[in-house]
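# Quick one: sequence and predicted model below, then my questions.
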Amino acid sequence: MADSIRIVIVGAPGYTGAELATLLAAHPHAEIVGLFGSERRATDGKPELMSELFPRLAGAVDLPVRAADAAAIIACEPDAVFLATPHEASEKLAPMLLAAGIIVLDLSAAFRLKNPALYPTHYGFEHGHAALLADAVYGLPELAADDIRTANLIACPGCYPTSVILPLRPLVVAGIIDPTRAVIVDSASGVSGAGRSAAIKSLFCEVSLQAYGVLTHRHQPEMAQETGARILFTPHLVALDRGILSTIHAELAPGYTLADARACLEKSYAQAPFVRLLPAGRWPSIASVAHTNCCDIALGTDETGTHLVISSAIDNLVKGAAGQAVQCLNLRFGFDETTALGIARRTHVIANEVMS
């Protein structure tokens, strides 16, 4: 385990980049040695300081934000680089950083999908690094900790997929979910999930509860790949700054009950510091997970006992992005998994709470 590691954040001016800077500034073993924006960021004149872009970071992260350039990033001599960048930018930068011996934690989708043929349809570009797709570790710490510990390229999961894969995959793997039936997923996300760039639907006076990307959202193949289930996914935009609430409908396989499903999740996440299985009758809320790296999960069945309803909640900028990436960093460099991520309450503690 290294005592201290040197960190670069690419995409620092975005919501996720700022969240990364906030978390890493409080990390006892991490030193931020470089911050970069897009390659189009103006290089003439004096670069803006991170603390000018985000005043809450004044005195904590006062580094300049420079235009992204592989040579400049490598010149910072980082041990690890976080890519909070567009998918095409990550696909371009990651191979050069890996060749320089740098650990890459990519928060885009550039290396999440194993099938390169999916990228033109879902992300609008031809993937030029199929070998890296095979090598990349899908960085969901609760389900891939051992692989993350030795990975050089960590593909950090999407925010919607995190909220779905955590509650669903253990049940699919255990055979508790009927594999002949589609799993219906309805998710609602705060506006920060769309990024910091200007868009009419994200304006204060325009944002509204609405479905989008119906049956075509790019996160659907990621969910299917990592759960092994057939997913029908509908995302919704809600007038909140952050957070995701997902409601999942599935049919139990013959012979299985709600008690079996609950026991499966309890066993799967008994030692997971950020997964909280709520007691019967208590359902997740975005407010309960905001600004945390936690995923809250609850489940129930209808009167037939065969139709399973699962609800999960995460903060899209923390467990759905920056916090999860820092969790992966901790695993990769041998630090305690919870370092810089606040107080974590284990599953069994939450499950045994007495409801007030």
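Ah, there it is.

# Next, count neighbours for the closest residue to residue 178 other than its chain neighbours.
Closest residue in space to residue 178, ignoring its immediate chain neighbours: residue 251 at 4.1 Å, by C-beta to C-beta, 6 or more residues apart in numbering. Where C-beta positions appear, they are placed from N, C-alpha and C, glycine not excepted. As a burial measure, residue 251 scores 17 neighbours (other C-beta atoms under 10 Å).

# Does residue 326 belong to a helix, a strand or coil?
Secondary structure, DSSP: H, G, I helix; E, B strand; the rest coil: residue 326 is helix.

# Find the nearest non-adjacent residue to it, please.
Nearest to residue 326 is residue 23, by C-beta to C-beta, 6+ apart, at 5.1 Å.

# list the contacts for that neighbour?
Residue 23 is in contact with 322-323, 326, 340-341, counting by C-beta atoms under 8 Å, 6 or more residues apart in numbering.

# Tell me the helix or strand right after the longest helix along the chain.
In terms of residue count, the longest helix belonging to the chain (DSSP state H) is helix 159-173. Remark: after helix 159-173, the chain's next helix or strand is strand 183-189, criterion DSSP states H and E.

# Spatially central residue for the protein, please.
Closest to where the C-alpha atoms of the chain average out (C-alpha atoms, centre = their mean) is residue 320, at 3.0 Å.

# dump the residue contacts of that one.
Counted by C-beta under 8 Å, 6+ apart, residue 320 has contacts 157-160, 162-163, 193, 244, 314.

# make it 6 Å
Neighbouring residues of residue 320 by C-beta atoms under 6 Å, 6 or more residues apart in numbering: 159, 162, 314.

# Which strand residues bridge the last one?
Beta-bridge partners of residue 314, counted by DSSP bridges, are residue 244.

# how about low-confidence regions in this protein?
In the predicted model, the chain carries pLDDT under 70 at residues 1-2, 39-45, 193-199, 201-202, 204-205, 343-356.

# Can you spell out the domain ranges of this protein, please?
Domains of the chain are assigned by automatic domain parsing as 5-156+319-333, 159-316+345-351.

# Burial check on the nearest residue in space to residue 112 that is not next to it in sequence, number of neighbours?
Excluding the flanking residues, the one nearest residue 112 by C-beta to C-beta, 6+ apart is residue 155, at 4.5 Å. Residue 155 has 29 neighbouring residues, counting by other C-beta under 10 Å.

# can you check the one 10 residues further on too?
As a burial measure, the neighbour count of residue 165 was computed by other C-beta under 10 Å and equals 25.

# What of residue 150?
Around residue 150 there are 9 other residues, counting by other C-beta under 10 Å.

# Show the backbone phi and psi for it.
phi -120, psi 10 (degrees, to the nearest 10).

# ditto for residue 190
Here residue 190 shows phi and psi, under degrees, to the nearest 10, equal to phi -70, psi 170.

# separation between residue 112 and residue 122?
With the distance defined as C-beta to C-beta, to the nearest Å, residue 112 ends up 10 Å from residue 122.

# Just want to know which of these two has more residues nearby.
Neighbour tally, residue 112 and residue 122, criterion other C-beta under 10 Å: the higher count belongs to residue 112, 25 against 17.

# Confirm that the more buried one lies within a helix, as I assumed.
No - according to three-state DSSP, residue 112 belongs to no helix; its state is coil.

# elements contacting the helix or strand containing residue 32?
Assigning secondary structure by DSSP H and E places residue 32 in strand 30-36. When contacts are defined as 3 or more C-beta pairs under 6 Å, 6 or more residues apart in numbering; DSSP states H and E, strand 30-36 packs onto strand 5-10.

# Indicate each strand paired with the strand it packs on and its parallel or antiparallel sense.
When DSSP bridges is applied, strand 5-10 pairs with strand 30-36 (parallel), strand 80-83 (parallel).

# how far does the first one sit from the chain's center?
What that stands for is strand 30-36. 21 Å (C-alpha atoms, centre = their mean, to the nearest Å).

# Show me what counts as buried in the next helix or strand after that strand.
Next helix or strand after strand 30-36 toward the C-terminus (DSSP H and E): helix 50-53. Residues 50-51, 53 are the ones in helix 50-53 that count as buried (16 or more other C-beta atoms under 10 Å).

# After helix 50-53, which helix or strand is next? Please name it.
Under the assignment DSSP H and E, the closest C-terminal helix or strand after helix 50-53 is strand 65-66.

# so how far is that next one off the chain centroid?
On C-alpha atoms, centre = their mean, the centre of strand 65-66 falls 24 Å from that of its chain.

# if we can go back for a sec, of the buried residues of helix 50-53, which is the nearest to residue 33?
Distance to residue 33 across those (C-beta to C-beta) is lowest for residue 50, with 12.6 Å.

# my guess is that closest one meets residue 61, correct?
Yes - if you go by C-beta atoms under 6 Å, residue 50 and residue 61 touch, sitting 4.7 Å apart.

# Alright, I will stop here.
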